[in-house]
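Sequence plus the predicted model coming up.
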Amino acid sequence: MTVAPPKVLTIAGSDSGGGAGLQADLRALFACGVHGMTAVTAVTVQNSLGVTGFTEIPPDVVAAQIVAVASDIGVDAAKTGMLASAAIIEAVAAACDEVHIGRTIPFVVDPVAASMHGQQLLADDALDALRTELFPRATLVTPNLDEVRLITGIEVADRRDQYRAAEALHAMGPAWALVKGGHLWSDPECVDLLYDGDRFHEFPGPRYDVKHTHGSGDTLASAICSRLARGEDVPTAVAYGKSFIVRSVAAAYPLGAGVGPVSPLWRLPAE
Ligand code: PLP
């Protein structure tokens, strides 16, 4: 009998186009060799041109999904994506406490606020809940620079600002903060900065001039989570995630008339 691989739970929204959200998470988790599970928070109506609407899942149903999988299957690491509302964030925090996610179980909080086309995926009044309910429970937070601005008020224009932002995020309570440099367009490289309140780690990577980057944040956080689920420390898991996302961006493909997804298919044997 085959032994089960490590198990990772994603608490995230559905992207009907299959490019981002829980679909991207499950794809990346599979490619990284772990078993993916989902607590669905919202169902978006979405294609390569953007999000035209979404409906939220009732907070008690989101919480029940978390408790159901954790109490039977077990969770070796968990991550969040789109959480939509303060009520869902509060329900997620309570359910995570109940099953020790964020205490003994690594917990990656990807503070998704908007789609790459600018459609809002998190209510304005939910930012406070994100900061106070989820950040203190997180092993790692992984904002992009737009999310950094919303959460900390810091407008990152250069590497020095990136360091300041990492300190401000860490002061909100997560064990580690990763400030992703992908949106720092003035930088010829793409440097992600990791901080634990003591040491900074820079993870440089190439900046590809590509159009198809849908789901890149989800794919990175999922790849990191897959390694935390195996018991790796955060810097080692982030290094793996960085190399995984660089190759997945290089393997992105076009879909529809808009923006296609990054792809972890490079990780699987060719047909
Ligand atoms: N839709 C859903 C359901 C998501 O979870 C996310 C991001 O996590 C997005 C859309 C946005 O992805 P992108 O920034 O690649 O457009």
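It's in. Residues are numbered from 1 along each chain as shown.

interface residues of the stretch 151-271 of the chain facing the ligand?
214-218 (C-beta under 6 Å from any ligand atom). Using the backbone N, CA and C atoms, a C-beta is placed for each residue, glycine as well.

out of those residues, which is most surrounded?
Using other C-beta atoms under 10 Å as the neighbour test, these are led by Asp218, with 32 neighbours.

Can you list phi and psi of it for me?
Reported as degrees, to the nearest 10, the phi and psi values for Asp218 are phi -60, psi -40.

Might one say that it is in contact with Asp110?
Yes - between Asp218 and Asp110 there is a contact at 6.9 Å, judged by C-beta atoms under 8 Å.

quick one: common contacting residues for those two?
Gly81 (C-beta atoms under 8 Å, 6 or more residues apart in numbering).

Going by contacts, tell me the helices and strands next to the longest strand along the chain.
In the chain, with assignment by DSSP state E, the single longest strand is strand 35-47. In terms of contacts (3 or more C-beta pairs under 8 Å, 6 or more residues apart in numbering; DSSP states H and E), strand 35-47 is packed against strand 7-15, helix 21-31, strand 50-56, helix 59-72, helix 86-98.

tell me the mean pLDDT over the longest one?
So the one you mean is helix 59-72. Helix 59-72 shows a mean pLDDT of 98.

ok, now the first one?
Strand 7-15 shows a mean pLDDT of 98.

Taking strand 35-47 as reference, get the angle to that strand.
Interaxial angle, strand 7-15 versus strand 35-47 (axes from the mean of the first three to the mean of the last three C-alpha atoms, to 10 degrees): 10 degrees.

what's the burial count for Glu98?
Neighbours of Glu98 using other C-beta under 10 Å come to 13.

Distance of it relative to Met37?
Going from Glu98 to Met37 by C-beta to C-beta, to the nearest Å gives 16 Å.

do the same with Asp209
36 Å.

Low-confidence stretches in this structure?
Applying pLDDT under 70 to the chain flags no residue at all.

what about the helices in it?
Using DSSP state H, the helices found in the chain span residues 21-31, 59-72, 86-98, 127-129, 145-152, 159-170, 216-228, 234-250.

Out of those, flag the one nearest Lys79.
helix 216-228 (4.7 Å; C-beta to C-beta).

That closest one: which residues count as buried?
216-228 (16 or more other C-beta atoms under 10 Å).

so how many other residues sit close to the closest residue to Ile73 other than its chain neighbours?
In space, and not counting its chain neighbours, Ile73 is closest to Lys7: 5.9 Å by C-beta to C-beta, 6 or more residues apart in numbering. Residues lying near Lys7 (other C-beta under 10 Å) number 19.

Could you list everything Lys7 pairs with in the sheet?
Assessed by DSSP bridges, Lys7 has beta-bridge partners His35.

Dig out what Ala177 forms beta bridges with.
With DSSP bridges as the rule, Ala177 is bridged to Val141, Tyr195.

Was I right to think it contacts Arg164?
No - Ala177 is beyond contact range of Arg164, at 11.5 Å (criterion: C-beta under 8 Å).

more crowded one of these two?
Each of Ala177 and Arg164 has its neighbours counted (other C-beta under 10 Å); Ala177 has more, 28 against 14.

Give me the distance between Thr132 and Ala138.
From Thr132 to Ala138 the distance is 12 Å (C-beta to C-beta).

what does Phe203 give?
Using C-beta to C-beta, Phe203 is found at 18 Å from Ala138.

Neighbour count: the two, which is higher?
Taking neighbours as other C-beta under 10 Å, Phe203 and Ala138 compare with Ala138 leading, 26 against 19.

Could you pull up the contacting residues of that one?
By C-beta under 8 Å, 6+ apart, the contact set of Ala138 is 102, 107-109, 173-175.

And it, how far from Val92?
Going from Ala138 to Val92 by C-beta to C-beta gives 11 Å.

now do Leu255
On the measure of C-beta to C-beta, Leu255 and Val92 end up 30 Å apart.

hang on, isn't Ala168 packed against Val156?
No - with contacts counted by C-beta under 8 Å, Ala168 stays clear of Val156, the gap being 10.5 Å.

of these two, who's got more company?
Val156 (23 against 16).

show me the contacts for the residue nearest to the more buried one when sequence neighbours are not counted.
Distances taken as C-beta to C-beta, 6+ apart put Leu145 closest to Val156, at 4.9 Å, once the chain neighbours are dropped. Leu145 makes contacts with 156, 165, 179-184, as judged by C-beta under 8 Å, 6+ apart.
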